[in-house]
Each structure stands twice: as structure tokens, then as C-alpha cells.
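Trainee: The following comprises the amino acid sequence and a computationally predicted model.
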Amino acid sequence: MALDGGATGVCTPIGGEGAPCIAGASCLSGLECQIPVGLSTARCVRALRPGEGCDNVTRGSVRCEQGSNCVGTPTGRCVRDGAYTGQCRVEAPRCDVGLRCHRDAPVCVTRLAVGLPCDAASRTHDCADETSCASVDGASRCVPDGARGGRCRTSLSPCDGALACSGSLRCVTVIPVGARCDEASATTEACARGASCVGAAGEAVCVRDGSLGGLCWSGECDEGLVCAEDAFPPQCVRL
């Protein structure tokens, strides 16, 4: 068939595979109206089913069927919404039984109980509600909010017992001035308010800010001392 301008084309049945369509319009049985990757117009296509390979980049690639999405870049596989690594559903239940919607991404992941090993950067698992992934005593695991290493609660009692809420909003053990400290354990311990951990690894102690050897971010030191601002971190030294 000749088209205007001398171009040739192929007749396509209305609703047939490759035929133009609009959202809500009917395609023939087994076909779905969607806009393939990189194109601007919708067509009736045989959408990919969960488990089938998919391509997020190549122009003209068919997308996953409604209710599923392509997981992986540039290529991956179609995963049903609500299933493991699939997108969270818009309505409840957002994920299948045993899974939860990741707190930092709309992805269904394994829900970990308190004490289980975890990876804060993972997008395949997440700690249960009111817990978070924290490094405690050299190992990352799910820790309850308010516990040592856990997130501070938003209630009037942010941390358990004698623990205090640190500047990083983690519940930590308070170390008094003069006691040994470890910067590598900042998620579980911190110097008392107004003091900082100063010194080499294994020898550091909590020193009051502004005192001899203490930090002086504000530039202020006790009488007879001066802030060595050219040092990092800046420390109070004798005149």
C-alpha cells in the first residue's frame, strides 16, 4: 500500500499486535496497550509476563505486563508487584506475606527480626518496624529503637536506661571526661555533652571542649590557651 509521500506500510488489524492504541482502548485478546521503551506512542503488544527477561534501555523493547515491573538495569526480569524485589503495591497489602516495603525505596524486601545480620545499604532486606540496621560491637544487625546503637525514639523517652541520644540520633553509652573512647564506635558510644574524643586510635580519651588538648570548633578556649585553627581538628594549646 502506498502512503502519502511515497512511503509504504503494512495494514494492521485494529487492536492487533503493533496497532496504535490509546489508554483504556481494547487490544485483541492476549495483547496489552503500552508505550514501548523509548517510543512516544502506545501500541498493542504482547506484554512480558513475570519471570520473563526484560530490557529497560533498548528502544522499542516491550515492557512488563500491568501489575509487574522490570527489575534490573539495563536488563533484568519482570517481577510481580508485591513479590520479593518487586515494586510495592499502591494499596494494602503493599507486599506479600513475610515481606515489607523498604523504608528508603518502594521495593518489597525480606523483613528481618531483631538481632539478625543486616546491611543498611541493601535493597533486598530491611529491618522490621521500630528497628534499624546498626553496627554494634563490630557487627551489623537489626537493633530496636531506643536500644544501644538503635535510633532514638521520638517519644519523651528517646533511649533506654542511661543511654543518651547522640547528634547522629543514635542511642549511645555516655563516656565521662577522662575515660577512654573510640571514634570507630560512634554509633554505640559518645563522650559526655561538651566533650570530644581526642587522640590516636587505642589511646583516645574524652576531653572537655575548650580545655587543654580539647577541640575548639568555635575558636574559644579556656584562659591561657589559644585555638590552633590550622590543625585538624582545631585544638586548644598553650600560648
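Mentor: Happy to help now that I have it.
Trainee: Distance check, the residue positioned nearest the centre of the chain against residue 121.
Mentor: Nearest to the mean C-alpha position of the chain, counting by C-alpha atoms, centre = their mean, stands residue 104 at 4.0 Å. For residue 104, the distance to residue 121 equals 9 Å [C-beta to C-beta, to the nearest Å]. (Glycine included, C-beta is placed from N, CA and C.)
Trainee: what sits against the residue nearest to residue 107 when sequence neighbours are not counted?
Mentor: Closest residue to residue 107 apart from its sequence neighbours, by C-beta to C-beta, 6 or more residues apart in numbering: residue 123 at 5.7 Å. Listed by C-beta atoms under 8 Å, 6 or more residues apart in numbering, the contact set of residue 123 reads 85, 102, 105, 107, 109.
Trainee: from those, which ones fall inside strands?
Mentor: Counting by DSSP state E, those place residue 109 in strands.
Trainee: and which of the contacts of residue 123 is nearest to residue 231?
Mentor: Using C-beta to C-beta, residue 105 is the member of the contacts of residue 123 that sits closest to residue 231, with 40.9 Å.
Trainee: burial count for the closest one?
Mentor: Residues lying near residue 105 (other C-beta atoms under 10 Å) number 11.
Trainee: Can you tell me the closest non-neighbouring residue to it?
Mentor: Residue 105 sits nearest to residue 123 (C-beta to C-beta, 6+ apart), 5.8 Å away.
Trainee: any idea how far residue 235 is from the one you found?
Mentor: Residue 123 is 41 Å from residue 235, by C-beta to C-beta.
Trainee: one step back: can you give me phi and psi for the residue nearest to residue 105?
Mentor: As for residue 123, its main-chain torsions (degrees, to the nearest 10) stand at phi -120, psi 20.
Trainee: what's the pLDDT at it?
Mentor: Listed pLDDT for residue 123 reads 87.
Trainee: Provide a list of residue ranges in this protein with pLDDT below threshold.
Mentor: Low-confidence segments of the chain, defined by pLDDT under 70: 1-12, 24.
Trainee: what sits up against stretch 27-37?
Mentor: Under the contact criterion C-beta under 8 Å, 6+ apart, stretch 27-37 has outside partners 13, 15-17, 19, 21-25, 41-47, 55-63, 65-66.
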